[in-house]
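Engineer: Sequence and predicted model, in that order:
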Amino acid sequence: MKEPEVTNSEDLFRMAMQDVKPLQQKVVVAPRVVKAPREVPTEAQLLARSAALGEKKPEPPDYLTLAEVPAVEPRAFLEWRREGVQELVTGRLRKGHYPPADSLDLHGEYVKRAREMVHDFLTECHSRGHRCVRIVHGRGEKSPEPARLKKHVNAWLQAHPLVNAFVSATPGQGGTGAVFVLIRKSKAARDRNRELHGGAAGDDVESDVGS
């Protein structure tokens, strides 16, 4: 049989490929990438990061006012608890049953500087899981405006969302010149409490304040 005459390169290519079968292509599915949940930094971590970068520290929130607040007597006994906190808790706090995990001394500080120190202190203590702390404000009996710092601390603690209760300290811890402050449980502490008690234990069940 006579072979067909090849006239050009196109015919030559067609003859060479006439017995070639196309390969079956496999569909490749890209693996699913699961992103780890993003951790939201705490306010204390943001402050530390800003300090490391030499950035200006943000001002404390407006609810920590520098304006005039209700007056208190230099030797007045302070006591306050948030709605929902058991009276038994403030009773134990008043008797010094909860040892303070940390302390802040505001002696000699101006009100504006004390405001920053109180806010930073509470934020840091909350992030560390501290439940009871002490703030020394003094009585200010010899100041031109008696108890000026004390009355502002009294107002700030009532306004601060991390504070559950506070009372004037026991005589050996500063008496009416200082306060014991009960801080809200951190999320980690609440989760740990749920594991220990097998359920959603309330934030104001203070059986483990000192831990």
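Structural biologist: It's in.

Engineer: Just the element for residue 152, please.
Structural biologist: Following DSSP states H and E, one finds residue 152 within helix 148-159.

Engineer: Give me the buried positions along that helix.
Structural biologist: Neighbour counts over helix 148-159 (16 or more other CB atoms under 10 Å) mark 148, 149, 150, 151, 152, 153, 154, 155, 156, 157, 158 as buried. Where C-beta positions appear, they are placed from N, C-alpha and C, glycine not excepted.

Engineer: need the contact list for the residue nearest to the last one when sequence neighbours are not counted.
Structural biologist: Nearest residue to residue 158, sequence neighbours excluded (CB to CB, 6 or more residues apart in numbering): residue 80, at 5.5 Å. Each residue near residue 80 by CB atoms under 8 Å, 6 or more residues apart in numbering is listed here: 154, 157, 158, 165, 166, 167.

Engineer: Can you tell me the SS state at the last one?
Structural biologist: Here residue 167 takes the strand state, with states given by DSSP: H, G, I helix; E, B strand; the rest coil.

Engineer: measure it to residue 110 for me?
Structural biologist: According to CB to CB, to the nearest Å, residue 167 and residue 110 sit 25 Å apart.

Engineer: before we move on, what about the first one?
Structural biologist: In this structure, residue 154 and residue 110 are separated by 17 Å, where distance is defined by CB to CB.

Engineer: Would you tell me which helix is longest in this protein?
Structural biologist: When the chain is parsed with DSSP state H, its longest helix is helix 111-127.

Engineer: Can you identify the element that follows that helix toward the C-terminus?
Structural biologist: strand 132-136.

Engineer: Show me what that following strand is packed against.
Structural biologist: strand 103-105, helix 111-127, strand 178-183 (3 or more CB pairs under 8 Å, 6 or more residues apart in numbering; DSSP states H and E).

Engineer: Tally up the residues packed near the closest residue in space to residue 153 that isn't next to it in sequence, please.
Structural biologist: Distance criterion CB to CB, 6+ apart; nearest residue to residue 153, sequence neighbours excluded, is residue 137 at 4.4 Å. Residues lying near residue 137 (other CB atoms under 10 Å) number 29.

Engineer: got the buried residues for stretch 173-192?
Structural biologist: Buried, per 16+ other CB under 10 Å, within stretch 173-192: 173-174, 176-186, 189, 192.

Engineer: Okay, now the unreliable bits of the chain?
Structural biologist: By pLDDT under 70, the low-scoring segments of the chain are 1-13, 16-17, 19-59, 188-211.

Engineer: how about the helices in it?
Structural biologist: Under DSSP H, the chain gives helices at 9-16, 43-52, 87-94, 111-127, 148-159, 187-197.

Engineer: tilt between the fifth one and helix 111-127?
Structural biologist: Angle, helix 148-159 to helix 111-127, by axes from the mean of the first three to the mean of the last three CA atoms, to 10 degrees: 40 degrees.

Engineer: repeat for the third one
Structural biologist: Going by the same axes, to 10 degrees, helix 87-94 is angled at 110 degrees with respect to helix 111-127.

Engineer: for helix 87-94, packing partners?
Structural biologist: Using 3+ CB pairs under 8 Å, 6+ apart, helix 87-94 is in contact with strand 79-81, strand 163-168, strand 178-183.

Engineer: Of these, which is nearest residue 124?
Structural biologist: strand 178-183 (10.5 Å; CB to CB).
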